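Asker: Coordinates only, no sequence provided:
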């Protein structure tokens, strides 16, 4: 078992040194803290259990020492590589809400983190909580500790916490963050639920098309091969597509994959992203929902930041980075430049032609009356309700469209296959009718 040397401070601030035989550095930290000491430095001993000197740069087998600094010591406050991602928004929202409740109840922040760490089920978030606690014990502020995990805590989260720390209202800011995240997740869930039906219908349509083209159409082709009839052009077209797909299935899938990759690469370019985001705001049925969600997100984010004490210019920068749409982001950039030059927010919002006149007017009133944060949050609440109505309208419109789309798709193939049979039956009827007439 490896030996770890530690340097720690007692309750009076006196430095204490010692060594422990434990399985890992984290276990050493825990043992030192159990002794009522505050660890400042933990390092694995340069000698193993038998006292033999270890070769420098070659750790013993089975004892990897990631993050080890030159000289064999490691500062326990540094961020462990690999942490950050993998925390679900719902889990993070629950953590924020619980921490706000504990802090509001008078529990110290550090103790609150330790309490939540013990009961957290998410391994990733549990480890991050431990890192946050260690950073705070090392003298860092909560916002500084959060900033070490940018993949989990974005700039919005970090800056709001920082403003709450400076204003002494951390519990209020944490509650606002939890409410902000809950409402964002609620809207996202509604949009996903609304899009589930058309996506499901599209998947079913693709499955039916593959079945018809690879199995049903070839069966009809074999039947028609033994008949001496003229094929309609539409039937020949469908059979040609069927042969192309069936005989070149890998090539067809490859072409589709290439088209998808090219599209993804295109929307990652500056021009492509702008074009795609512009199209999303004006596309039929879905466009109004995306537009209202973007406006609600802009108003709620800016209102929450400003009401939490974040400076307006810094808040606009954060809103720009978290807008999620290039068109909205460019509009926020114009607002930022306007405010930076001492002008109002209203003029660039109106010039962007992205925000409706009602939103511009309400922001103007809020700016003139000094109640801009409250007005922005009121606009966000109003647009949340409009999102519900827009989602309901989109769902009611997409359902018949998708049903008609599926019917036309499948019906076209069925008609193409039955057209030769109908023509053959018609010819037989005419021949039979003519023969009977001649016999009379």
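Answerer: That came through, no problem. This one's a predicted model, so the numbers in the text were calculated from it and none came from an experiment.

Asker: Can you list the neighbours in contact with stretch 265-285?
Answerer: Outside stretch 265-285, the residues within contact range by C-beta atoms under 8 Å, 6 or more residues apart in numbering are 286-287, 290-291, 294, 325-327, 354, 394, 397-398, 401. Heads up, the C-betas are built off the backbone N, CA and C, glycines and all.

Asker: let's see 7 Å
Answerer: For stretch 265-285, the external contacting residues (C-beta atoms under 7 Å, 6 or more residues apart in numbering) are 287, 290, 291, 325, 326, 327, 394, 397, 398.

Asker: So for it, what gets flagged as buried?
Answerer: Buried residues in stretch 265-285, counting neighbours by 16 or more other C-beta atoms under 10 Å, are found at 273, 274, 276, 277, 280, 281, 285.

Asker: Dump those to a markdown table, plus distance to residue 131.
Answerer: Below are these laid out as a markdown table (distance: C-beta to C-beta, whole Å):
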| residue | distance to residue 131 |
| --- | --- |
| 273 | 34 |
| 274 | 38 |
| 276 | 37 |
| 277 | 36 |
| 280 | 37 |
| 281 | 40 |
| 285 | 45 |
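
Asker: Closest one to residue 6 out of those, please.
Answerer: Closest to residue 6 out of those is residue 273 (51.1 Å), distances taken as C-beta to C-beta.

Asker: re the thing from before, out of the buried residues of stretch 265-285, list just those in helices.
Answerer: 273, 274, 276, 277, 280, 281 (DSSP state H).

Asker: All the helices of the stretch 151-300 of the chain, in order from the start?
Answerer: 155-167, 170-211, 217-225, 233-247, 249-268, 270-282, 287-307 (DSSP state H, counting those that start in this stretch).

Asker: for the stretch 301-440 of the chain, that is, sorry about that
Answerer: 312-321, 326-340, 346-352, 357-369, 372-439.

Asker: Give me the residues contacting the first one.
Answerer: Helix 312-321 has contacts (C-beta under 7 Å, 6+ apart) with 155-156, 159, 298, 301-302, 305-306, 329, 332-333, 335-336, 339-340.

Asker: Ok, the second one next?
Answerer: Outside helix 326-340, the residues within contact range by C-beta under 7 Å, 6+ apart are 273-274, 277-278, 281, 294, 298, 312-313, 316-317, 319-320, 323, 344-345, 347-349, 351-352, 354.

Asker: Please apply the same query to the shortest one.
Answerer: With contact meaning C-beta under 7 Å, 6+ apart, helix 346-352 is reached by 331, 334, 335, 338, 355, 360, 363, 364, 367.

Asker: between these, which is closest to residue 380?
Answerer: The closest of the contacts of helix 346-352, once distances to residue 380 are taken by C-beta to C-beta, is residue 363, at 11.6 Å.

Asker: Just the buried subset of the contacts of helix 326-340, please.
Answerer: 273-274, 277, 281, 294, 298, 312, 316-317, 319-320, 323, 345, 348-349, 352, 354.

Asker: can you count the residues close to the closest residue to residue 395 other than its chain neighbours?
Answerer: If the residues on either side of it in the chain are set aside, residue 395 comes closest to residue 194, at 4.9 Å by C-beta to C-beta, 6 or more residues apart in numbering. Neighbourhood size, residue 194 [other C-beta atoms under 10 Å]: 21.
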